[in-house]
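A.B. asks: Pasting the sequence and the predicted model now:
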Amino acid sequence: MPKARSEETLFEFLTYPTVGVDDWRYTAQSAQVRVMEMQLLTRATLLDMANAPDFAAAVGSLGSGDYALPGNPRFDDVQTLLLEKRAAVRELFAEWMLDESVVALFKSRDDFANLRLALRRVLTDRPVGSDYSAEGNVAPEVLEQVFEEENYALFPDYLAAVTEEAILAYYQDKKIPQIDHIIDRYEAEYKIAQAQQIGEAFLLNLFRLQIDLSNIRTVLRLKHIDAEQRNVLLPSGFIETDRLRQALELGYDALGQLFFPTPYHRIVDVAAGYLASDESFLKAEQQCEEYLTGYLKSTAQITAGPQPIIAYLLLKEQEIRTVRLILTAKKNLLDTKLILDRIGA
């Protein structure tokens, strides 16, 4: 087995990077967050949903809490409720955050998602449509106007540049994944640059972790389809580029050892083993989500600051996605074991 060239590298942290220091301007908001955290769904509730015999029983497992619906709700009713809950937590986040640039930074997630959808439609000669998220910095009607007039100057700088490059990349070989690769790279670089400008260590470390987890999933997917692409890995994470490239050359059974000097050893080992045995990325998604959750929860060491507020936003959004995932699986009669594997039971 090839020797890991970077195995002697001393990683920057053992489990999680620093979450920064206290900011006492956020004393009141942080106290409110601690109360809200206590209302997040327990693991027992999620397991009850996953083990429920059908969709109706899974909805019933939510009881009379934040997601309770009267009567016998349809899936569309649940979907509407989940979107309302997501909008509400984002509004609360914007209200609590004192730095508007942080609010704008998180809103940009919807801008990049909207752009991805719009470009896919426009470049494949479909109508640009109007069904875009209204929770970004760029209103859906502006997005429509940009592509109707082909006037990218209407976009903020971080969208104008990526739009032009994504269009050029697509027309080189007319492959839709090129759009995704370009947008992923621009979004990662934008987040890192903004975090550095804001000067918040937690934000910078959070985005670098997200880049690492994205690259781990990408490596596993490239190996699974035996692809030769190397330019799709995102820059600016904690993992050395050499380690990621070497991972593409090794078998699944050697990946755990390659990542042993990093905090991601368990993620890679479990995900690669499950992919080899079940040909599924369920464990890769579950392990990455569990690790990121651990980092977000480590903000408990902060008494006051923006960190607990950012963490609560992301944890609540994750909870909403998990509820939707379980209920979608129940609606489509998926095997309970698959659901449990995905949520890490």
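C.D. replies: It's in. Numbers count the residues shown, from 1 in each chain.

A.B. asks: Now do the helices in the stretch 1-150 of the chain.
C.D. replies: 27-37, 43-51, 55-60, 75-96, 100-123, 140-149 (DSSP state H, counting those that start in this stretch).

A.B. asks: Adding mean neighbour count and distance to Ala161, write those helices out as TSV.
C.D. replies: For the C-beta atoms, the positions are set from N, CA and C on the backbone; glycine is no exception. What follows is the helices of the stretch 1-150 of the chain, written out as TSV (neighbours: other Cβ atoms under 10 Å; distance: least, Cβ to Cβ, whole Å):
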stretch	mean neighbour count	distance to Ala161
helix 27-37	15	34
helix 43-51	17	40
helix 55-60	18	44
helix 75-96	16	26
helix 100-123	18	11
helix 140-149	16	13
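
A.B. asks: Now do stretch 138-148: everything it contacts.
C.D. replies: 111, 114-115, 118, 122, 128-130, 132-134, 151-152, 154-156, 159, 163 (Cβ atoms under 8 Å, 6 or more residues apart in numbering).

A.B. asks: An error on my part: the question was meant for stretch 54-64.
C.D. replies: 41, 45, 48-50, 52, 68-69, 72-73, 75, 78, 323, 326-327, 330-331.

A.B. asks: run the last query once more with 7 Å
C.D. replies: With contact meaning Cβ atoms under 7 Å, 6 or more residues apart in numbering, stretch 54-64 is reached by 45, 48-49, 52, 68-69, 72-73, 78, 326-327, 330-331.

A.B. asks: coming back round to it: out of the helices of the stretch 1-150 of the chain, the one nearest His265 is which?
C.D. replies: helix 43-51 (23.6 Å; Cβ to Cβ).

A.B. asks: still on that earlier bit, export the helices of the stretch 1-150 of the chain to TSV and tack on distance to Arg217 and mean pLDDT?
C.D. replies: Below are the helices of the stretch 1-150 of the chain laid out as TSV (distance: least, Cβ to Cβ, whole Å; pLDDT from 0 to 100):
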stretch	distance to Arg217	mean pLDDT
helix 27-37	27	95
helix 43-51	22	92
helix 55-60	27	90
helix 75-96	23	94
helix 100-123	17	95
helix 140-149	28	92
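
A.B. asks: Looking at the ones you listed, which is nearest to Gln196?
C.D. replies: The nearest among those, by Cβ to Cβ, is helix 100-123 at 11.5 Å.

A.B. asks: which helices and strands sit right next to that closest one?
C.D. replies: Judged by 3 or more Cβ pairs under 7 Å, 6 or more residues apart in numbering; DSSP states H and E, the packing partners of helix 100-123 are helix 140-149, helix 157-173, helix 176-198.

A.B. asks: So Phe281 sits against Leu275, correct?
C.D. replies: Yes. Contact criterion Cβ atoms under 7 Å: Phe281 and Leu275 qualify, at 6.5 Å.

A.B. asks: Could you find the closest non-adjacent residue to Gly341?
C.D. replies: Wrong residue type there; residue 341 is Asp, not Gly. Spatial nearest neighbour of Asp341, excluding adjacent residues (Cβ to Cβ, 6 or more residues apart in numbering): Leu282 at 4.9 Å.

A.B. asks: count of neighbours near that neighbour?
C.D. replies: Leu282 has 19 neighbours, counted by other Cβ atoms under 10 Å.

A.B. asks: Look up how far Leu258 lies from the spatially most central residue of the chain.
C.D. replies: Central residue of the chain (Cα atoms, centre = their mean): Gln210, 7.2 Å from the mean position. Noted for Gln210: a distance of 21 Å to Leu258, by Cβ to Cβ, to the nearest Å.
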